[in-house]
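*Asks:* model the following, please.
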Amino acid sequence: MSTVKSLRIALFYLLLSISALSWCTLSVFIAPLLPFRARYRFVNQTWCRFAVWLAKVLLGIRYEVKGLENIPQQPCVILAKHQSTWETFFLSALFEPLSQVLKRELLYVPFFGWAMAMLKPIAIDRSNPKAALKQLAKQGHERLEQGAWVLIFPEGTRIPNGQIGKFSRGGAALAVNAGLPVLPIAHNAGAYWPKQGWGKTAGTIQVVIGSPMHAEGTGPRAIAELNDRAFEWVAKTQRDIGALAATATAMETGSTV
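*Replies:* This next block holds a predicted model:
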């Protein structure tokens with residue numbers, strides 16, 4: 001890695017950290033005075049747009065989006081491929097208000113966690129999968145009724161570019177029980193912002209938003225079928241954009257939410 005590139009990456013993380021600390025501190029005092037939708041825009045959407053912009057300016061990480069016309073007017077369950085931190089920033093900026101599943105421990109981080117707690121996340125305890133699934137079903141349904149998108153990474157964790165994890169059924173179950181579709185999203189962010197390490201590579205991330213998928217019926221069988229259909233679409237699209245080997249199969253991730 002060249003010296004200039006290393007300096008750009010270091011500067012990126014420095015500015016990202018400073019901006020996060022400053023913005024979260026400010027949000028802790030201002031956000032409680034705002035209604036939820038305005039609070040989301042102030043706390044999360046604005047800063048996430050800054051993070052995506054900063055990655056573009058300093059690191060040369062750009063993006064192209066296909067399928068924006070597929071986004072329904074009514075919020076639903078988003079099932080997105082998970083490869084890096086970039087898509088968390090991007091999706092949080094694109095959809096608003098958005099509630100996402102995250103580790104409960106993140107809410108304990110001073111200022112950052114306090115600001116996140118005001119955005120109605122679904123903060124689960126991953127050491128207790130059964131309780132986490134019940135919490136996802138209950139709070140996810142509440143968020144959808146309140147007019148928020150629910151973002152779920154069905155692989156449960158970040159999977160390196162070129163691989164795909166098994167999809168848990170929690171997101172599909174939430175959509176079926178709420179009578180709403182799932183919105184599948186594929187991308188290759190991991191090719192430029194890897195899961196591990198500090199290194200970043202300049203390039204253009206391809207983001208593809210699929211058509212909303214509705215369940216064919218209700219109950220466990222409909223949930224399984226919808227989940228499998230979403231997985232197959234994401235896997236095929238990942239292959240189409242060169243982010244998944246033709247012979248790759250789903251790998252176990254150890255997460256059930």
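
*Asks:* going by C-alpha atoms from here, please, whenever you check contacts or count neighbours.
*Replies:* Fine.

*Asks:* select the longest helix from the chain.
*Replies:* Counting residues, the longest helix in the chain under DSSP state H turns out to be helix 3-30.

*Asks:* what's the first helix or strand after the least confident helix or strand in the chain by mean pLDDT?
*Replies:* Least confident helix or strand, the chain: helix 112-117 with a mean of 84, by mean pLDDT, DSSP states H and E. Using DSSP states H and E, the helix or strand that directly follows helix 112-117 along the chain is strand 122-124.

*Asks:* what is the helix or strand that that following strand is followed by packed up against?
*Replies:* Counting by DSSP H and E, the next helix or strand C-terminal to strand 122-124 is helix 129-145. Secondary-structure packing of helix 129-145 (3 or more Cα pairs under 8 Å, 6 or more residues apart in numbering; DSSP states H and E): strand 122-124, strand 149-152, helix 170-178.

*Asks:* again, only using 10 Å
*Replies:* strand 77-80, strand 98-103, strand 122-124, strand 149-152, helix 170-178 (3 or more Cα pairs under 10 Å, 6 or more residues apart in numbering; DSSP states H and E).

*Asks:* residues contacting Val234?
*Replies:* The contact partners of Val234, by Cα atoms under 10 Å, 6 or more residues apart in numbering, come to 79-81, 164, 184-187, 208-210, 228, 240, 244.

*Asks:* measure it to Gly165 for me?
*Replies:* Using Cα to Cα, to the nearest Å, one gets 11 Å for the distance from Val234 to Gly165.

*Asks:* could I get the contacts of Val234 in JSON lines, plus columns for distance to Val52, pLDDT and secondary structure?
*Replies:* Formatted as JSON lines, the contacts of Val234 follow (distance: Cα to Cα, whole Å; pLDDT from 0 to 100; DSSP: H, G, I helix; E, B strand; the rest coil):
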{"residue": "Leu79", "distance to Val52": "20", "pLDDT": "98", "secondary structure": "strand"}
{"residue": "Ala80", "distance to Val52": "17", "pLDDT": "98", "secondary structure": "strand"}
{"residue": "Lys81", "distance to Val52": "18", "pLDDT": "97", "secondary structure": "coil"}
{"residue": "Ile164", "distance to Val52": "24", "pLDDT": "96", "secondary structure": "coil"}
{"residue": "Pro184", "distance to Val52": "21", "pLDDT": "98", "secondary structure": "strand"}
{"residue": "Ile185", "distance to Val52": "18", "pLDDT": "98", "secondary structure": "strand"}
{"residue": "Ala186", "distance to Val52": "17", "pLDDT": "98", "secondary structure": "strand"}
{"residue": "His187", "distance to Val52": "15", "pLDDT": "98", "secondary structure": "strand"}
{"residue": "Val208", "distance to Val52": "17", "pLDDT": "98", "secondary structure": "strand"}
{"residue": "Ile209", "distance to Val52": "18", "pLDDT": "98", "secondary structure": "strand"}
{"residue": "Gly210", "distance to Val52": "22", "pLDDT": "98", "secondary structure": "coil"}
{"residue": "Asp228", "distance to Val52": "31", "pLDDT": "97", "secondary structure": "helix"}
{"residue": "Asp240", "distance to Val52": "24", "pLDDT": "96", "secondary structure": "helix"}
{"residue": "Leu244", "distance to Val52": "24", "pLDDT": "93", "secondary structure": "strand"}
